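> model this:
(chains A, B, C and D)
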Protein chains: 2
Amino acid sequence: MPCILIADDHDLVRDTIAAYLEAVDEFTVITASNFEAALGSMKGINAVDLLILDYNMPGMNGLEGLERARKSHPAIKVVLMSGVANKDVAQTAMSMGADGFIPKRLAAKSMVNAINFVLAGERYFPVDFAEPEQAAAPPANFADLTEREMQTLEQLCIGLSNKDIARNLGVQEVTVKLHVKNLLAKLNVSNRTQAAILAKEQHLF
Amino acid sequence: MPCILIADDHDLVRDTIAAYLEAVDEFTVITASNFEAALGSMKGINAVDLLILDYNMPGMNGLEGLERARKSHPAIKVVLMSGVANKDVAQTAMSMGADGFIPKRLAAKSMVNAINFVLAGERYFPVDFAEPEQAAAPPANFADLTEREMQTLEQLCIGLSNKDIARNLGVQEVTVKLHVKNLLAKLNVSNRTQAAILAKEQHLF
DNA sequence: TAGCCACCTATACAAAAGGATAGGGTGCCG
DNA sequence: CGGCACCCTATCCTTTTGTATAGGTGGCTA
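Here you go, the predicted structure:
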C-alpha cells in the first residue's frame, strides 16, 4: 500500500486532502505542517513512497526545499503542490527533477489520477502549465530589457521617483528618464505605474 | 440535515473540504467555483443554511462579495474562508456581518466545530485574529478610504491617468486629483505607483 | 577599421501629477 | 437647526513625467 507524505502548513487543506486520499483509494497518508517536519518523517520508520510539498510553506524557501528533499531522499518521488505558483515556478520545479506538479485548481479526482500516475513511475504535469506562459496581448518582453533598464524597473516597483532612482544608480535624473522611456516602450505600456504593475504581476521583484 | 455551500475557485481545496464535511458529519454539501455561481446556487431549490466564501475568488472583489451575499440572502449564514487574509480583512469581514471567519490554517476538526457553532446561531472568530494586527510601519488602512477613493484606487491599479479615471467615473479631472491626493495621504504613500503596488500586494484588486 | 550597442549627458518642451485654497452641493445625525 | 462627512468643482501653482533631439564615451565584432 503506497505511503504518501503531505506537507502543507494550512491544516485545513492538508487534513482534508489527506482524509480524501485515504477515503478514496488505498493510500497510507501521513502529514507534516512544515518542511523540516516533512524531512523528519521521511527518515522515520515509514517507507514513504511519495512526498507532496506545498510550495508556500515555512522552510521551503522557494524551490530550495524541493532540491533538499530530492538530495536527501533520492528514492522518494516528489510532487510540488501550489495554489499560486505561475508557470515559471512549475516548469522550474519540473526541470529540477520534481516528479509532478499539482495546482490547487485541480479537481480532487484528477489529483488522485496524478498521484497514481507518479507512483507508477511517470511524471505528471498539467497541460495548461505546459507552454511557456501566455500569448495574449503584445508579449511585454522583459527579456530584451538592458541591465540598466532592468535596474530602473526594479526601483520603479518600489514607487521611487526619477530623482531617487538617479541617486541610487549614481547617474543624472535625465538618464533615468531615458531608461524609463525606453523600458516603457519595450514593455508596451504607457506609464511607470503600468510598468510596475506588470512587473509585480509577473512576480519579477 | 444542514446544507452547506462551499465557494472556492481551487477545485482541489473545495472538493476535498466538501468530501471531508460530508464524510465527517451529517451535512449536505454543494459547491461553487466562483462567486456568481454561488449566488446562483443559493437561489435554487436547495435550502442553503450556510455559505462558505473563499476570500480570494473570481467575483469576490475583496469583501464586496460578502456584502452582496448578505444583502441578497439575509437569512443565510456566511462564513469567510481565507489562507492569506490578514487580521484587518478578517475583522472587517466580521464587522460587515459575517457569521464567522475560517483561516485555512485551521485544523479540519476545528473547522467542523466552527461550522456547527455558526449553524447553532453563534459567531465564530479565531482568537489569534482577535488583536488588531501589527504595529510595524504606519498602518496603511484601506478601511477608511471612502467609496469614491476606493473606486479611484481601483483604476490607479490599472495604471490609468487622472483624465481616464475622470472619464470613467464621470467627473472632472480635478476631482480625481482630489481623490488621489486624499487616498495617498490615507495610505501613507507618496505617489500613485506606490498606492497601486500596495493595493496589489494586498490583493485588493 | 567601421559600425553597432549600451550607456551617459544636455537642453528644451508638453503633459501629467501633485498640492493648496476656496468654494459649491447633498444627506445624515445629534 | 447646526455640524459633519462626503462629494464635486474651480483657480493657481510647483514638481514630476514623458518625449524629442543632439550629442559623447567605451566595448564588441564583422
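> after the lowest-mean-pLDDT helix or strand in chain A, next one along is what?
Of the helices and strands making up chain A, the lowest-confidence element is helix A:87-95, at a mean of 78, by mean pLDDT, DSSP states H and E. Next in sequence after helix A:87-95, counting helices and strands by DSSP states H and E, comes strand A:100-103.
> and that following strand, what does it pack onto?
When contacts are defined as 3 or more CB pairs under 8 Å, 6 or more residues apart in numbering or on different chains; DSSP states H and E, strand A:100-103 sits against strand A:77-82, helix A:87-95, helix A:108-119. Using the backbone N, CA and C atoms, a C-beta is placed for each residue, glycine as well.
> Listing partners with orientation, what would you give for the first one?
Strands adjacent to strand A:77-82 in the sheet, as given by DSSP bridges, are strand A:50-54 (parallel), strand A:100-103 (parallel).
> Flag every residue of chain A that's near DNA strand C.
Chain A has residues A:146-149, A:169, A:171-172, A:174-175, A:177-179, A:191 near DNA strand C, with proximity defined as CB under 7 Å from any atom of the strand.
> Would you tell me which residues of chain A are close to DNA strand D?
A:161-163, A:174, A:177-178, A:180-181, A:184-185, A:190-193.
> Which of those are buried? Put it as a PyMOL command.
This is the PyMOL syntax for the buried subset of the residues of chain A next to DNA strand D, where burial follows 16 or more other CB atoms under 10 Å in any protein chain shown:
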select buried, chain A and resi 161+162+180+184+192+193
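> Any chance of JSON lines for the residues of chain A next to DNA strand C, columns pLDDT, secondary structure and distance to B:Lys71?
Formatted as JSON lines, these follow (pLDDT from 0 to 100; DSSP: H, G, I helix; E, B strand; the rest coil; distance: CB to CB, whole Å):
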{"residue": "A:Thr146", "pLDDT": "88", "secondary structure": "coil", "distance to B:Lys71": "52"}
{"residue": "A:Glu147", "pLDDT": "88", "secondary structure": "helix", "distance to B:Lys71": "53"}
{"residue": "A:Arg148", "pLDDT": "91", "secondary structure": "helix", "distance to B:Lys71": "52"}
{"residue": "A:Glu149", "pLDDT": "91", "secondary structure": "helix", "distance to B:Lys71": "48"}
{"residue": "A:Leu169", "pLDDT": "87", "secondary structure": "helix", "distance to B:Lys71": "51"}
{"residue": "A:Val171", "pLDDT": "91", "secondary structure": "coil", "distance to B:Lys71": "55"}
{"residue": "A:Gln172", "pLDDT": "91", "secondary structure": "coil", "distance to B:Lys71": "56"}
{"residue": "A:Val174", "pLDDT": "93", "secondary structure": "helix", "distance to B:Lys71": "54"}
{"residue": "A:Thr175", "pLDDT": "94", "secondary structure": "helix", "distance to B:Lys71": "54"}
{"residue": "A:Lys177", "pLDDT": "94", "secondary structure": "helix", "distance to B:Lys71": "49"}
{"residue": "A:Leu178", "pLDDT": "94", "secondary structure": "helix", "distance to B:Lys71": "52"}
{"residue": "A:His179", "pLDDT": "94", "secondary structure": "helix", "distance to B:Lys71": "49"}
{"residue": "A:Asn191", "pLDDT": "94", "secondary structure": "coil", "distance to B:Lys71": "37"}
